[in-house]
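In: After the sequence you'll find the predicted model.
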Amino acid sequence: MYYEDLELCKYERGPFHADNWAVPLRAIGWLEHPNPFRRGATPPQLVSKLRECVAGASTAYGQYGFWGTYTCSICSASGRPSPGPVWSQENIFVPGVELVFIAPGGIPHYVEFHSYLPPQLFIDAVMLCSEYGSPAYCEALRMANAGKDPPLERLA
């Protein structure tokens with residue numbers, strides 16, 4: 001699935017569709033070959049923060065994961081072995097300022113192995129993000145969603 005960075009996400013239904021949020025739900029890192037994407041250096045901690053978010057999404061919101069696996073089309077197109085079937089079953093929701101970002105679980109791979117450079121607004125939001133699924137995270141997500149509860153239910 002491909003979305004241009006910062007495009008409104010309208011994937012599936014429920015929390016993956018922008019119409020269900022009070023603020024824009026902006027897609028980040030939905031990369032597919034042969035679509036171009038920005039490349040460049042990112043903060044050294046970004047990949048580990050993204051990995052923490054993906055792991056947190058699986059734990060806190062695992063019911064929103066998709067069935068099946070994904071093979072990196074960028075790796076395949078470049079003749080590299082894909083590191084998977086991989087992770088993109090999870091999607092991460094990152095609170096921003098008057099918007100929420102949604103990124104696929106493969107985003108750490110894209111940053112680390114393909115030098116993907118997400119928009120600075122997203123990088124800043126990830127670096128400030130509280131532990132995924134924590135009370136502080138849930139409150140930040142609610143505040144980013146114009147003070148309204150997001151269309152996500154935590155696993156018990």
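Out: On my side now, so go ahead.

In: Torsion angles phi and psi at the spatially closest residue to residue 22 that is not a sequence neighbour?
Out: Counting by C-beta to C-beta, 6 or more residues apart in numbering, residue 22 lies nearest to residue 146, which is 4.0 Å off, once chain neighbours are set aside. For every residue, glycine as well, the C-beta is placed using N, CA and C. With angles defined as degrees, to the nearest 10, residue 146 sits at phi 60, psi 30.

In: Enumerate every residue touching residue 146.
Out: By C-beta atoms under 8 Å, 6 or more residues apart in numbering, the contact set of residue 146 is 22, 23, 98.

In: Can I get the buried part of those as one PyMOL selection?
Out: In PyMOL, a selection of the buried entries from those looks like this (16 or more other C-beta atoms under 10 Å):
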select buried, resi 22+23
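
In: confidence score at the residue nearest to residue 22?
Out: You'll see residue 146 listed with a pLDDT of 98.

In: one step back: dump the contacts of residue 146 to TSV, plus secondary structure and pLDDT.
Out: Output for the contacts of residue 146, formatted as TSV (DSSP: H, G, I helix; E, B strand; the rest coil; pLDDT from 0 to 100):
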residue	secondary structure	pLDDT
22	coil	98
23	coil	98
98	coil	96
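
In: and which of the contacts of residue 146 is nearest residue 90?
Out: Taking C-beta to C-beta as the measure, residue 90 lies nearest residue 23 of the contacts of residue 146, at 21.6 Å.

In: Residue 145 is in contact with the closest one, correct?
Out: Yes: when contacts are counted by C-beta atoms under 8 Å, residue 23 is listed as touching residue 145 (5.6 Å).

In: what sits in contact with each of those two?
Out: residue 100.

In: Check this structure for its longest helix and report it.
Out: helix 46-60 (DSSP state H).

In: Which strands and helices lie in contact with that one?
Out: strand 91-95, helix 107-114, helix 120-128 (3 or more C-beta pairs under 8 Å, 6 or more residues apart in numbering; DSSP states H and E).

In: got the CA coordinates for it in CSV?
Out: Provided in CSV are the C-alpha atoms of helix 46-60 (Å, rounded to 0.1, in the frame of the first residue of the first chain):
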residue,chain,number,x,y,z
LEU,A,46,14.9,7.5,15.6
VAL,A,47,15.1,3.9,14.6
SER,A,48,15.0,2.6,18.2
LYS,A,49,12.1,5.0,19.1
LEU,A,50,10.2,3.7,16.0
ARG,A,51,10.9,0.1,17.0
GLU,A,52,9.6,0.8,20.5
CYS,A,53,6.4,2.3,19.0
VAL,A,54,5.9,-0.8,16.8
ALA,A,55,6.4,-3.1,19.8
GLY,A,56,4.1,-1.0,21.9
ALA,A,57,1.4,-1.0,19.2
SER,A,58,1.5,-4.8,19.1
THR,A,59,1.0,-5.0,22.9
ALA,A,60,-1.4,-2.1,23.5
